[in-house]
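In: 3D model of this:
(2 chains)
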Amino acid sequence: MRDHGGADLFLWGILPYIVLVVVVGGLLWRYRYDRFGWTTRSSELYESRLLRIGSPLFHFGVLVVVVGHAVGLLVPEAWTRALGVSDTLYHVTALSLGLVAGVCTLAGIALLVWRRRTSGPVFSATTANDKAMYLVLVLAILTGLGMTVYFAGVEVAGGHSQDYRETVSPWFRSLWILSPDVAAMAAAEVPYRVHALMGLALFALLPFTRLVHMFSAPVGYLFRPYVLYRTRDAHAGGAGRAERAGRRGW
Amino acid sequence: MTTGERTGGRPVGRVMAQVAMVMNLDKCIGCHTCSVTCKQAWTNRSGVEYAWFNNVETRPGQGYPRTYQDQERWRGGWVRTPRGRLVPRAGGRLKRLATIFANPVMPSIHDYYEPWTYDYDTLLNAPLGDDFPVASPRSALTGEPMQVTWSANWDDDLGGGPELARHDPVVKKLGDKVRFSFEETFMFYLPRICEHCLNPSCVATCPSGALYKRAEDGIVLVDQDRCRGWRMCVTGCPYKKIYFNHKTGKAEKCTFCYPRVEVGMPTVCSETCVGRLRYLGVVLYDADRVGEAAAVEDERELYRAQLDVFLDPDDPAVRAAARRDGIPDRWVESASRSPVYALAKRFRVALPLHPEYRTLPMVWYVPPLSPVVDTLTSTGHDGEDAGNLFGAIDALRIPVEYLAELFTAGDTEPVRLVLRRLAAMRSHMRRINLGQERDGSIAEGVGMTGRDIEDMYRLLALAKYDERYVIPTAYGVDDSDRGVIDEIGCSLDFEGGPGMGGMGGVPFGEASGRPDAASVETFHALRDRQSGEEPAAGRGRVNLLNWDGNGRPAGLFPPRGGDHDTDGGGGPSRPV
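Out: Numbers count the residues shown, from 1 in each chain, chains lettered A, B, ... in the order given. Take a look at the predicted model:
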């Protein structure tokens, strides 16, 4: 393992675990003590014309982006090569898909932020928490998309860019076996590192902003009967009331 | 009445109980007292300023929210597929999830109305000047000055005239049959609450599983801790009786005043109805036949199919099945005295609202007969003669077709039968009141007996408080279960919590934290009422949930000089 500085060790060896603890702990805390605040806080009631375009654009875009990140970070090069996917084919596909999804996401959120600012009721329903969240979210998207565009440009121009599958991805995978490959990440180009930091910031915000709604994606709906019955006993005792102790949770 | 065919020769399936309501529209004077007291009790909070769990709309009219009955547009309720299955009209599970990021058929705030308040501060602080200060309207959403152009009952009493009333979806369906010229126009009032349906489409469209129907009493509720604000229920409910709280980001709806009903008290809207037109009672039904009844092919059969789902509580087979399914005997006893069952099934004068939505609604209506008697009398006829009345029903100002579109999916026969029965009741009772000989043919003409008609008359015209509201206390609130409610009541009383008058620490703005006011006060009311001798007092604010109907509610009026009891005269006392 190559020698690396203390800053690198903190950013890529310690910070990710702090963020992980914040995310997991934050979610547990929020679920136990603020289930009532766990909502999308939709503003569709106020304004729906722009929302109907912006929201699906953003959400479907971001879903593709999430899947793209998962594949890029979790699947080692050796596996895709073994499947017969050449590196060029992989990168062309990843860049083009990523570009389309990223542009959709950015266009979606731009429309949503603009709507939030210009539509009176939506603006007055925007909290400081929302604004901080939007800032980090937009920065994460911008750095990610900017990077994609830049590297795609370099490739098109015939140059050669660093392959994140040799730096960022091994580092990310190493985190999960509790042996962080700090050197790999320290060797990554600056745009990668900036984007990773924005990503960590976004993760840390998840439990404490409206973004928590992503963790209640209602997939269970697909597998349940349409009409639900509950007994009064279950409602009084089991539906959170008795579990909600008289403490704040810290 | 007959017992054998009640179950159609089939064994009784799973018996369930439902606390249901009937409203007698003949008595509704459109005073909105129910709406106001309901609002005072449940929705006087920010975020639900625009929400009226109970509203009274003038028919014909657009309703609230505007044109909610137009399901081609709002996609509420169920549809039957060609193969006989029921699917929510707005789409099944996959489609719901695919459109979760922006519900394409959700009404906007402007379809309800933009809530507002007034700039009262100007009245108090305006400097001395030549002009009288006025309190101008301010939007409750943005705080900006606004023009008030619509509200929950903007077209009350046909306000706005035919230009507005023509947009009534029912009127559009009927076309030329509905006239709006001054001489020929008509109107009546339709108070509406959540229907607490047997086959609720709001529950079916909730992706989070937060909406549920209570197994014991059939009340449909939203679990505020599980609701994630996906807004699908707003679309799913064809009556548009689920409201999105734009401050908390959660769905809210009529609760059937469950904290009151659980302890045997009528809902606030029923308690305060000046016309005494609401009836509450238990209906037993066969839960195994609900799906089948909701899916009958011909939508005009839905009314009869729903009647067939109701079980006769006096039938020994039903009683045995109810005991088998864990329904307490006092609930079955209550069901056999239920005014709702009597009006809907025994006398067949109550009808469901929009059965064609296939939700099997449980708030039923006795359609209005008036003003046919006055009209007949004014034309020189004997307004209470059975023959004259029957003949006049088809010439009613309120067209039978209009009523049929509301209550029987367009089938005029059941409506005509109801109106004939109501007319027969008038003729029959007049003979009695005038000391004339009973004329059995009047009752027979409408398929009833004189005895039935007199019972129906008692229920519709004389019924006292205890006959109109026959509500058993909830399972678990009985003496044997004393203590259960106390536990619930205490759970919010932690330091700084809502039970102690605060909202606790709310780190994520006002939308986060815990459910406030309504449920807290509710549980306090329950506890106070259980343990106190006197009417429960609110904590510095008026809360009609605590009011038992005796005297003046505490805090509603300024105290009189030297008057300490809140039970002062003047207020209506409960009939005994």
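
In: how many neighbours does the nearest residue to residue B:411 once chain neighbours are set aside have?
Out: Nearest-residue entry for residue B:411: residue B:300, 4.1 Å, with adjacent residues in sequence omitted and distances by CB to CB, 6 or more residues apart in numbering or on different chains. No exception for glycine: its C-beta is placed from N, CA and C like everyone else's. Using other CB atoms under 10 Å in any protein chain shown, residue B:300 has 18 other residues around it.

In: Was I right to think residue B:300 contacts residue B:408?
Out: Yes: taking CB atoms under 8 Å as the definition, residue B:300 is a contact partner of residue B:408 at 6.8 Å.

In: what ranges do the helices span in the stretch 51-200 of chain B?
Out: B:71-74, B:93-98, B:109-112, B:120-125, B:161-165, B:169-174 (DSSP state H, counting those that start in this stretch).

In: now the first one: mean pLDDT?
Out: With pLDDT averaged residue by residue, helix B:71-74 scores 96.

In: Please point out which parts of it sit buried.
Out: B:71, B:74 (16 or more other CB atoms under 10 Å in any protein chain shown).

In: again with the second one
Out: Applying a neighbour-count criterion of 16+ other CB under 10 Å, one finds B:93, B:96-97 buried in helix B:93-98.

In: about what we covered before: of the helices of the stretch 51-200 of chain B, give the one that comes closest to residue A:178.
Out: helix B:93-98 (35.9 Å; CB to CB).

In: got the residue ranges for the helices in chain A?
Out: A:6-9, A:15-33, A:49-74, A:77-82, A:87-118, A:120-124, A:128-156, A:168-176, A:182-186, A:190-205, A:232-233 (DSSP state H).

In: among these, which is the most enclosed?
Out: Mean neighbour counts were taken over the helices of chain A using mean count of other CB atoms under 10 Å in any protein chain shown, and the top value, a mean of 21, falls to helix A:182-186.

In: Can I get that one as CSV, trimmed to CA atoms?
Out: In CSV, the C-alpha atoms belonging to helix A:182-186 read as follows (Å, rounded to 0.1, in the frame of the first residue of the first chain):
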residue,chain,number,x,y,z
VAL,A,182,-7.4,4.7,0.7
ALA,A,183,-4.5,4.7,-1.9
ALA,A,184,-6.8,3.9,-4.8
MET,A,185,-9.1,6.8,-4.0
ALA,A,186,-6.2,9.1,-3.3
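
In: hmm, who's touching it?
Out: A:1-2, A:4-5, A:8-9, A:11-13, A:166-168, A:170-171, A:174, A:193, A:196 (CB atoms under 8 Å, 6 or more residues apart in numbering or on different chains).

In: Make JSON lines from the helices of the stretch 51-200 of chain B and add distance to chain A to it.
Out: Below are those laid out as JSON lines (distance: least, CB to the nearest CB, whole Å):
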{"stretch": "helix B:71-74", "distance to chain A": "13"}
{"stretch": "helix B:93-98", "distance to chain A": "5"}
{"stretch": "helix B:109-112", "distance to chain A": "5"}
{"stretch": "helix B:120-125", "distance to chain A": "18"}
{"stretch": "helix B:161-165", "distance to chain A": "23"}
{"stretch": "helix B:169-174", "distance to chain A": "21"}
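
In: Go ahead and flag the most central residue of chain B.
Out: residue B:193 (2.9 Å; CA atoms, centre = their mean).

In: remind me which residues of the chain are low pLDDT?
Out: Reading this off chain A. A:1-4, A:233-250 (pLDDT under 70).

In: could you do chain B instead?
Out: Across chain B (using pLDDT under 70), the flagged ranges come out as B:1-9, B:370-371, B:374, B:476-543, B:545-547, B:554-555, B:559-576.

In: Which neighbouring elements make contact with the longest helix along it?
Out: Determined from DSSP H, the single longest helix within chain B is helix B:412-433. Secondary-structure packing of helix B:412-433 (3 or more CB pairs under 8 Å, 6 or more residues apart in numbering or on different chains; DSSP states H and E): strand B:351-352, helix B:386-393, helix B:400-407, helix B:440-445, helix B:450-457.

In: Chain A: which of these is closest?
Out: strand B:351-352 (17.7 Å; CB to the nearest CB).

In: what does the stretch 51-200 of chain B put close to chain A?
Out: Proximity of the stretch 51-200 of chain B to chain A, by CB under 8 Å from any CB of the partner chain, involves residues B:88, B:93-94, B:96-97, B:100-104, B:106, B:108-109, B:139, B:141-144, B:199-200.

In: Can you tell me which of these are buried?
Out: Applying 16+ other CB under 10 Å to these flags B:88, B:93, B:96-97, B:100-103, B:106, B:109, B:139, B:141-142, B:199-200 as buried.

In: Narrow those residues to those in strands?
Out: Under the assignment DSSP state E, those contribute B:88, B:139 to strands.

In: In the buried ones among the residues of the stretch 51-200 of chain B next to chain A, find the pair that's most separated.
Out: Taking every pair in those and measuring CB to CB, the maximum separation is 39.3 Å, between B:142 and B:199.

In: Contacts only, for residue A:224.
Out: With CB under 8 Å, 6+ apart, residue A:224 has these contacts: residue B:209.

In: And for the one 4 residues further on?
Out: Residue A:228 makes contacts with B:203, B:209, B:211-213, as judged by CB under 8 Å, 6+ apart.

In: Repeat the analysis, applying 6 Å as the threshold.
Out: Counting by CB atoms under 6 Å, 6 or more residues apart in numbering or on different chains, residue A:228 touches B:203, B:209, B:212.

In: Show me which residues of chain A are close to chain B?
Out: Proximity of chain A to chain B (CB under 6 Å from any CB of the partner chain) is limited to residues A:34-37, A:39-42, A:44-46, A:48, A:51-52, A:55-56, A:59, A:120-121, A:124, A:127, A:213, A:216, A:218, A:221-222, A:226-232, A:236, A:239-241, A:246, A:248.

In: quick one: the closest residue to residue B:410 other than its chain neighbours from residue B:398, how far?
Out: Of all residues not flanking residue B:410 in the chain, residue B:404 sits nearest, at 5.3 Å (CB to CB, 6+ apart). For residue B:404, the distance to residue B:398 (CB to CB, to the nearest Å) stands at 11 Å.

In: How about residue B:162?
Out: According to CB to CB, residue B:162 and residue B:398 sit 16 Å apart.

In: When those two are compared, which one has more neighbours?
Out: residue B:398 (21 against 16).

In: so that one touches residue B:186, yeah?
Out: Yes: with contacts defined as CB atoms under 6 Å, residue B:398 counts as touching residue B:186 at a distance of 4.7 Å.

In: can you pull the contacts of the residue nearest to residue B:56 when sequence neighbours are not counted?
Out: Of all residues not flanking residue B:56 in the chain, residue B:191 sits nearest, at 4.5 Å (CB to CB, 6+ apart). Contacts of residue B:191 were listed using CB under 6 Å, 6+ apart, and they are B:23, B:34, B:56.
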